[in-house]
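Engineer: model the following, please.
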Amino acid sequence: MDAIRTEGLTRRFKDLTAVNRLTVNVKRGEIFGLVGPDGAGKTTTMRMLSAILTPTDGSGWVMGYDIRTECAAVKDRIAYMSQQFGLYTDLTVMENIEFYADLYGVAKKGRRERIDELLNFSYMHPFKRRLAGNLSGGMKQKLQLMCALIHTPEVMLLDEPTNGVDPVSRRDFWRILYRLLSEGVTIFVSTAYLDEAERCNRIGLMHEGELIAQGTPSEVKKLMRGRIIAITSPEARRIAYLLKSELEAVSICIFGDSVHVVTDSPEKTSVSAGKIISESGLSADSIRSIDATLEDVFVSMLGEKRASAGAEDEN
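Structural biologist: Here you go, the predicted model:
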């Protein structure tokens with residue numbers, strides 16, 4: 001049995017379709033990442049899976065329980081961590097944890113050991129007397145996670161848990177998630193960070209409410225059409241603008257100080273790009289073929305989707 005399964009899951013808000021026919025499965029004991037930009041439908045999906053929001057159409061199950069008709073059973077088996085900090089800022093770390101332990105009906109026997117375990121593996125023990133409102137962003141996220149874990153859920157639903165968190169805290173947070181994974185907890189996490197998607201067992205790329213690809217990170221990368229030529233230069237923006245008007249390619253995008261050119265003919269494209277750049281008076285530090293990243297795949301697939309939509313509109 002899958003930990004999470006949906007079939008055609010859909011949610012509309014008047015004329016807006018936030019999630020459109022989402023079909024996905026999450027295996028027990030894995031980290032599944034729902035990846036996409038703001039407005040992709042990730043939060044709406046999370047709220048439906050947590051039985052907070054009723055789907056307009058389609059079906060979904062968490063640990064075998066229907067998210068429409070067995071809401072209480074679903075909520076007993078999950079921990080849902082929303083984007084917004086939802087704990088009590090005027091209570092200490094310890095008081096917040098104790099409050100949620102009471103809320104979830106955690107037995108007094110063994111509670112202290114469970115709290116100490118959570119404080120220790122999150123490195124929050126030295127801060128247990130600090131007011132939640134005085135914690136850093138990363139510490140607030142750790143506290144939310146501890147409160148969600150106090151009742152030992154079977155499934156964790158984490159909605160962009162590291163959004164706005166510093167790199168060190170992000171690393172620590174993912175270390176905690178791997179620890180939970182080793183204890184058999186299934187983790188469903190949404191993120192806009194494609195580097196975090198690489199940390200997941202499997203991922204789903206989501207755009208404008210639709211799932212456009214899913215699989216392991218390696219499997220999704222294989223969906224990339226063509227090869228990538230990376231042109232590194234301090235003048236990357238000017239080079240990208242130039243190549244878009246002079247070079248035939250599947251797509252041309254800027255990634256920091258590099259221009260990524262997606263092409264079906266990498267050798268020919270490298271020569272042509274080098275010539276165009278040289279004749280324009282610009283310069284490139286390097287022009288080389290590279291392996292696709294998830295960001296390349298996502299950008300390429302969105303480009304193809306827009307091109308397809310544009311062709312349909314013309315017809």
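
Engineer: any stretches of the protein with poor pLDDT?
Structural biologist: Residues of the chain meeting the criterion pLDDT under 70: 305-315.

Engineer: for the residue minimising distance to the centre of it, give me its contacts.
Structural biologist: Relative to the mean C-alpha position of the chain, the nearest C-alpha, by C-alpha atoms, centre = their mean, is the one of Thr191, at 2.2 Å. By C-beta atoms under 8 Å, 6 or more residues apart in numbering, Thr191 lies in contact with Gly33, Leu34, Val35, Glu160, Pro161, Thr162, Asn163, Ala197. (Each C-beta comes from the backbone N, C-alpha and C, glycine too.)

Engineer: likewise Ala73?
Structural biologist: By C-beta under 8 Å, 6+ apart, the residues touching Ala73 are Tyr65.

Engineer: tell me how far it lies from Arg237.
Structural biologist: With distances taken as C-beta to C-beta, to the nearest Å, Ala73 is found 53 Å from Arg237.

Engineer: tell me the contacts of the closest residue to Ile176 other than its chain neighbours?
Structural biologist: The spatial neighbour of Ile176 that comes closest, neighbours along the chain excluded (C-beta to C-beta, 6 or more residues apart in numbering), is Ser122 at 5.9 Å. Contact analysis of Ser122 by C-beta under 8 Å, 6+ apart lists Lys142, Leu145, Met146, Asp172, Ile176.

Engineer: would you format those residues as JSON lines with neighbour count, secondary structure and distance to Thr263 included?
Structural biologist: As requested, the contacts of Ser122 are exported to JSON lines (neighbours: other C-beta atoms under 10 Å; DSSP: H, G, I helix; E, B strand; the rest coil; distance: C-beta to C-beta, whole Å):
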{"residue": "Lys142", "neighbour count": "26", "secondary structure": "helix", "distance to Thr263": "44"}
{"residue": "Leu145", "neighbour count": "22", "secondary structure": "helix", "distance to Thr263": "43"}
{"residue": "Met146", "neighbour count": "23", "secondary structure": "helix", "distance to Thr263": "49"}
{"residue": "Asp172", "neighbour count": "19", "secondary structure": "helix", "distance to Thr263": "40"}
{"residue": "Ile176", "neighbour count": "19", "secondary structure": "helix", "distance to Thr263": "41"}
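
Engineer: what's the closest of these to Leu22?
Structural biologist: For these, the closest approach to Leu22 (C-beta to C-beta) belongs to Leu145, at 25.2 Å.

Engineer: hmm, Phe173 and that closest one touching each other?
Structural biologist: Yes - at 7.5 Å, Leu145 and Phe173 qualify as touching, with contact defined as C-beta atoms under 8 Å.
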